[in-house]
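Enquirer: just to be clear, the model below is a prediction. Sequence and coordinates:
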Amino acid sequence: MSAQKPQQSPLLALPSELIDEILSNFVIQRDFDADWRVKILEEEREAHNKRQIATLHALCLVCKDMHRHAEPALYSSLSVQAMGYRDTPHLCAFVFKLAASPHIAQCVRYIEHFSRVYDEDDLLQERTVSFRAFNHPAMRTGVETVAEQTLGPENFARWKELFELNINTALAALAIELSPNIQHLALPSLVRLPRAIGDTSCIFGPTTPPQNHFSKLQVLCLGFTFEHVVEGRGPPSTFMRSLEALHNLRYLKLICNAFALDPSSGIDTFTFPALRTLKLNSFGDSVETLANTITGCQDLEWLECTFYPSDRTPGGNTLSADLTSVQHALATHASTLTHLDLRLDQERHRGVSVPLANLADFPRLRTLYIDTVTLLGAPWSPNARRAESTWWYEERPAFRLRERLPPNIEELHLYNYHYFGDKVLVFLDLSADCGELPRLKTVFLYNTWHGGEAWPVVTSLLAEKGVRLV
């Protein structure tokens, strides 16, 4: 598709060679791997993953099979230390093209905007380098023209505030607003973009139902703390309730701290009937909030939640004290759940008076990620390193670990076993009984101290049953 001359429209007021470079890829009939990638390298993304930064690369892989028809897609990276500032002119070109060609904007299906801006110092540095890249005299005028025409006066004023703080994030928000048929939206690790969605685009705002803009959205990933979302816009539960209007949403991943459900406001649960995958990272809310959220879903196939409770006195840590409500909530998905990842953060070990004891009732559950305390329970001790795992055997002589595991489990990923002094007691139990778990192939251990001479024995016993200990 040939590019228009820059002088023909203020929307394309960029150097012609830059427009030609970017727009040369604007061909709709392409394979996914040759799609509209805007200055983000796969090897850089992998490097982020190795640093345990939530880039949601797994989401990209999930979406890859859904993009065999090669719809246009936007990938951008905002990174102070890497090459994020070089995204600025490319994002401008993308926005200009969408504004000038609505028929192309209607074809956009996937947008991912990744940020490594962590604090105000990073934000200031990113703003400086982005404005340095934003050096064409007509570029700012062109972008502001697009924003005002697209958003209207009131929302344009809010967008302008965001633009002055973070150019690339504001450009990504504008690209979202220009794309009415998005199916996959990934905005991980962002400081202010979720607020931009609420305040600028009104996509998740209370005044404009999200189905007006995102009626086809299937995959949504957001990384934020709710303070940035709800500033001046009500409680977090209002934001979450607005997502219910996304009737086609099948995959929801949130890197968040709390939903803060408030029964007094009339919001004590959420309903996502089409959702099949729910992922909650760094979740610091209550067990009841998690249970209510799980109950509001229907036919979940994949559930992940890593608890990260705030520091409290041991006796008052309600997050990890009693998982009865979560048990009841999970039971509603017993016939559909195939993957479960539910565990306390390794730095937040607490006693669990009522652990998950009903996983044996999940016939389709194949993969389980769980920490020892959540699976087996343990009384709270001020000294978390004291040997505790013997208590459930001493208190319940007939206890067997297999009774806590799904009957058709294939992979068991067990975390935080190092809190227990006996090291191998549970696995001697498992090695003796794993013949009753015929599909079990691999047991992965994380955060584990070496168990001394007993470990080779356990490894050998498991190997005899065809189970690999990693």
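Expert: That came through, no problem. Numbers count the residues shown, from 1 in each chain.
Enquirer: going forward, measure contacts between C-alpha atoms and count neighbours the same way
Expert: OK.
Enquirer: packing partners of the host helix or strand of Leu222?
Expert: Using DSSP states H and E, Leu222 maps to strand 219-223. Here strand 219-223 touches strand 184-187, strand 251-255, going by 3 or more Cα pairs under 8 Å, 6 or more residues apart in numbering; DSSP states H and E.
Enquirer: what is the mean pLDDT for stretch 103-113?
Expert: Confidence for stretch 103-113, expressed as mean pLDDT, is 77.
Enquirer: export it as PDB, just CAs?
Expert: This file holds the C-alpha atoms of stretch 103-113, laid out as PDB (Å, rounded to 0.1, in the frame of the first residue of the first chain):
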ATOM      1  CA  HIS A 103     -11.000   0.700   6.900                       C
ATOM      2  CA  ILE A 104      -7.500  -0.400   8.100                       C
ATOM      3  CA  ALA A 105      -8.300   0.600  11.700                       C
ATOM      4  CA  GLN A 106     -11.300  -1.700  11.600                       C
ATOM      5  CA  CYS A 107      -8.900  -4.600  10.800                       C
ATOM      6  CA  VAL A 108      -6.700  -4.100  13.800                       C
ATOM      7  CA  ARG A 109      -7.300  -7.100  16.200                       C
ATOM      8  CA  TYR A 110      -4.300  -7.100  18.600                       C
ATOM      9  CA  ILE A 111      -2.500  -4.400  20.500                       C
ATOM     10  CA  GLU A 112       0.200  -4.900  23.100                       C
ATOM     11  CA  HIS A 113       2.000  -2.000  24.800                       C
END
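Enquirer: which of the helices and strands packed on strand 219-223 is buried the deepest?
Expert: Neighbour counts (mean count of other Cα atoms under 10 Å) averaged over each of those peak at strand 184-187, with a mean of 23.
Enquirer: name every strand pairing with it and say which way it goes.
Expert: According to DSSP bridges, strand 184-187 forms sheet pairs with strand 110-115 (parallel), strand 219-223 (parallel).
Enquirer: quick check, pLDDT for Ser242.
Expert: At Ser242, the model reports a pLDDT of 70.
Enquirer: look up how far Arg250 lies from it.
Expert: Computed as Cα to Cα, to the nearest Å, the Ser242 to Arg250 distance reads 16 Å.
Enquirer: ok, Glu464 next?
Expert: Glu464 sits 41 Å away from Arg250, going by Cα to Cα.
Enquirer: Ala291 now?
Expert: 19 Å.
Enquirer: what do you get for Glu244?
Expert: Relative to Arg250, Glu244 is positioned 12 Å away (Cα to Cα).
Enquirer: and Ser325, by the same measure?
Expert: 24 Å.
Enquirer: now do the helices in the stretch 251-400 of the chain.
Expert: Along the stretch 251-400 of the chain, the segments classed as helices by DSSP state H, counting those that start in this stretch run 287-295, 324-331, 372-376, 391-395.
Enquirer: for the third one, what is the average pLDDT?
Expert: The one in question is helix 372-376. Regarding helix 372-376, the rounded mean pLDDT is 78.
Enquirer: restrict it to CA atoms and write it as PDB.
Expert: Output in PDB follows, covering the C-alpha atoms of helix 372-376 (Å, rounded to 0.1, in the frame of the first residue of the first chain):
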ATOM      1  CA  THR A 372       2.700 -27.200  50.400                       C
ATOM      2  CA  VAL A 373       0.900 -25.100  52.900                       C
ATOM      3  CA  THR A 374      -2.100 -24.400  50.600                       C
ATOM      4  CA  LEU A 375      -2.300 -28.100  49.700                       C
ATOM      5  CA  LEU A 376      -1.700 -29.700  53.100                       C
END
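Enquirer: follow-up on the earlier one: ok, Glu464 and Arg250, which is more surrounded?
Expert: Between Glu464 and Arg250, counting by other Cα atoms under 10 Å, Arg250 is the more crowded of the two (18 against 12).
Enquirer: that one and Cys297 touch, don't they?
Expert: No. Using Cα atoms under 8 Å, Arg250 is not in contact with Cys297; the gap is 10.2 Å.
Enquirer: spit out the residues that contact the two alike.
Expert: Common neighbours of Arg250 and Cys297, using Cα atoms under 8 Å, 6 or more residues apart in numbering, are Ala274, Leu275, Arg276.
Enquirer: same list (these) but as CSV, adding distance to Ala357.
Expert: CSV is the format used below for the shared contacts of Arg250 and Cys297 (distance: Cα to Cα, whole Å):
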residue, distance to Ala357
Ala274, 27
Leu275, 25
Arg276, 23
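Enquirer: counting neighbours, which of those comes out on top?
Expert: In terms of neighbours by other Cα under 10 Å, the shared contacts of Arg250 and Cys297 top out with Leu275 at 23 neighbours.
Enquirer: tell me which residues touch that one, please.
Expert: Taking Cα under 8 Å, 6+ apart as the test, what Leu275 contacts is Asn248, Leu249, Arg250, Tyr251, Leu252, Cys297, Gln298, Asp299, Leu300.
Enquirer: any chance of these in JSON lines, with distance to Leu280 and pLDDT too?
Expert: Listed next are the contacts of Leu275 as JSON lines, based on distance: Cα to Cα, whole Å; pLDDT from 0 to 100:
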{"residue": "Asn248", "distance to Leu280": "19", "pLDDT": "86"}
{"residue": "Leu249", "distance to Leu280": "15", "pLDDT": "86"}
{"residue": "Arg250", "distance to Leu280": "14", "pLDDT": "88"}
{"residue": "Tyr251", "distance to Leu280": "11", "pLDDT": "87"}
{"residue": "Leu252", "distance to Leu280": "8", "pLDDT": "85"}
{"residue": "Cys297", "distance to Leu280": "14", "pLDDT": "90"}
{"residue": "Gln298", "distance to Leu280": "17", "pLDDT": "86"}
{"residue": "Asp299", "distance to Leu280": "17", "pLDDT": "90"}
{"residue": "Leu300", "distance to Leu280": "14", "pLDDT": "94"}
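Enquirer: pLDDT below threshold where in the stretch 51-200 of the chain?
Expert: For the stretch 51-200 of the chain, the stretches with pLDDT under 70 are 51-87, 89-90, 114-138, 188-200.
Enquirer: hmm, Pro456 and Phe427 touching each other?
Expert: No. If you go by Cα under 8 Å, Phe427 and Pro456 don't touch, sitting 11.4 Å apart.
Enquirer: thanks a lot, see you next time.
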